[in-house]
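> Prediction below, plus the sequence it came from.
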Amino acid sequence: MIYVESEFAPLKKVVLAQSEFGFPEVPRPDDLKFLAPEAVQESYEHKGKDFSVAFPDRQAEWELERETFRKVLEKYGVEILRPRMLTTAEKQYAGPDGYANFFARDPFFTIGNMVIEGSMRFLHRRNEILPVREVMLKEVYPAECTYVAAPRPEIAAPDDITLGPGPFIEGGDVLVLGKHIFVGQSGLASNALGARWLEKYLTPYGYTLEVVRLQPDILHLDCALGLIKDGLMVVCEAAFIDGIPQRLRDWQRIDVTYAETSNLATNGLPLSPQVYVTDPAFSHIGERVAEHGIQVEYVDFQISRSFGGSFRCSTQPFLRKS
């Protein structure tokens, strides 16, 4: 079965990302502004290299982070699926743009019983869906669900910093709350045309879509907002241009600073309304979550966070259902 009813319904089946990244040969400054200064510097110092070659010890730590997280998921009975690794041909095809196979959240997403391949903005992530296709073949094709892909983005001129009109729609910007879908828009990932396409697809199925405008250095909506359980969220209000979405304004809030949200403080992962996973770097947030009767599990995700994503970014659910 494939179905996602919300961000916090019990997680039963999930795709957990691999840990592969190739630095672009020509870093684009506008594409790096959501990263920490040290990560930006590394992008220039190691351009064109595979991360595992540039930092073999950190590569091993990165893989261990994901393995530790996997054990926590399995502890709570979650079935785990993994994308395959990138092939040599895929890495070569990426050329100077670089490549990525490191966050399963963004190249596709699940809303209700609909599996939707996204349309990625950053050039090094344009083909990130390919390693997931074997999972799709095994899990999605036999299931009673729809399976569609967003239109391929247009090709922009080399000097076009916007990377063209898209459409761009990425899973990190898509939050599910029953039949109401929030879509973030900062200019770094999903854009207006991507949201328009998604709304056109979802409306006949009874869904409503709300665009949430974000500050220009916030990569995705889930970097500013996390729905922990019905009526409770972790949020950075300063990240929203128009304030917290109206539908969520009466929810209880665990507020985080702008610096914390840039460090992925809101990107924990509910395994159910009773269990939440976050990084020990945010233990003060975890303590506040625990005050609501929620079990908090901690996994050190420092390496993953250095790439601009954390627990939610590393996963994409196929089954979240009460």
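Thanks, I have it.
> so what's Ile2 up against?
Lys13, Thr110, Asn113, Val115, Glu139, Val140, Ala143, Glu144, Cys145, Phe318, Leu319 (Cβ atoms under 8 Å, 6 or more residues apart in numbering). C-beta coordinates here come from the backbone N, C-alpha and C atoms, glycine included.
> Check those and tell me the two furthest apart.
Lys13 and Glu144 (14.4 Å; Cβ to Cβ).
> out of the two, which sits in the busier spot?
Lys13 (19 against 8; other Cβ atoms under 10 Å).
> His124 belongs to a helix, doesn't it?
Yes - assessed by DSSP: H, G, I helix; E, B strand; the rest coil, His124 belongs to a helix.
> Filter the contacts of Ile2 down to just the ones in strands.
Among these, the ones falling in strands (DSSP state E) are Lys13, Thr110, Val115, Phe318, Leu319.
> nearest to Asp173, of those residues?
Thr110 (14.0 Å).
> who's in contact with the residue lying closest to the closest one once chain neighbours are set aside?
Distances taken as Cβ to Cβ, 6 or more residues apart in numbering put Val4 closest to Thr110, at 4.3 Å, once the chain neighbours are dropped. The contact partners of Val4, by Cβ under 8 Å, 6+ apart, come to Thr110, Ile111, Gly112, Val176, Pro317, Phe318, Leu319, Arg320, Lys321.
> Now restrict these to buried residues only.
Among the contacts of Val4, those scoring as buried are Thr110, Ile111, Gly112, Val176, Pro317, Phe318, Leu319, Arg320 (criterion: 16 or more other Cβ atoms under 10 Å).
> Please report the distance of the last one from Ala259.
Arg320 is 30 Å from Ala259, where distance means Cβ to Cβ, to the nearest Å.
> do the second one as well
When Cβ to Cβ is the yardstick, Ile111 and Ala259 sit 31 Å from each other.
> now for the helix of greatest length in the chain, which elements pack on it?
Using DSSP state H, we find that the single longest helix of the chain is helix 56-75. Applying 3 or more Cβ pairs under 8 Å, 6 or more residues apart in numbering; DSSP states H and E, one finds that helix 56-75 contacts strand 11-16, helix 51-54, strand 79-81, helix 302-306.
> pLDDT of that helix, averaged?
Averaging pLDDT along helix 56-75 gives 98.
> Tell me which stretches of the stretch 51-200 of the chain form helices.
Along the stretch 51-200 of the chain, the stretches classed as helices by DSSP state H, counting those that start in this stretch are 51-54, 56-75, 88-94, 133-135, 192-202.
> got the buried residues for the fourth one?
When you say that, I think you mean helix 133-135. Buried, per 16+ other Cβ under 10 Å, within helix 133-135: Val135.
> Find out how far it is from the centre of the chain, if you would.
18 Å (Cα atoms, centre = their mean, to the nearest Å).
> For it, give the mean pLDDT please.
Helix 133-135 comes out at a mean pLDDT of 98.
> start at 46 instead
Sounds good: first residue 46 from here, last item helix 178-180.
> Just name whatever secondary elements that helix is in contact with.
So helix 178-180, by 3+ Cβ pairs under 8 Å, 6+ apart, packs with no helix or strand.
> for stretch 304-324, how far is the first residue from the last?
Chord length of stretch 304-324, first to last residue, is 15 Å (Cα to Cα, to the nearest Å).
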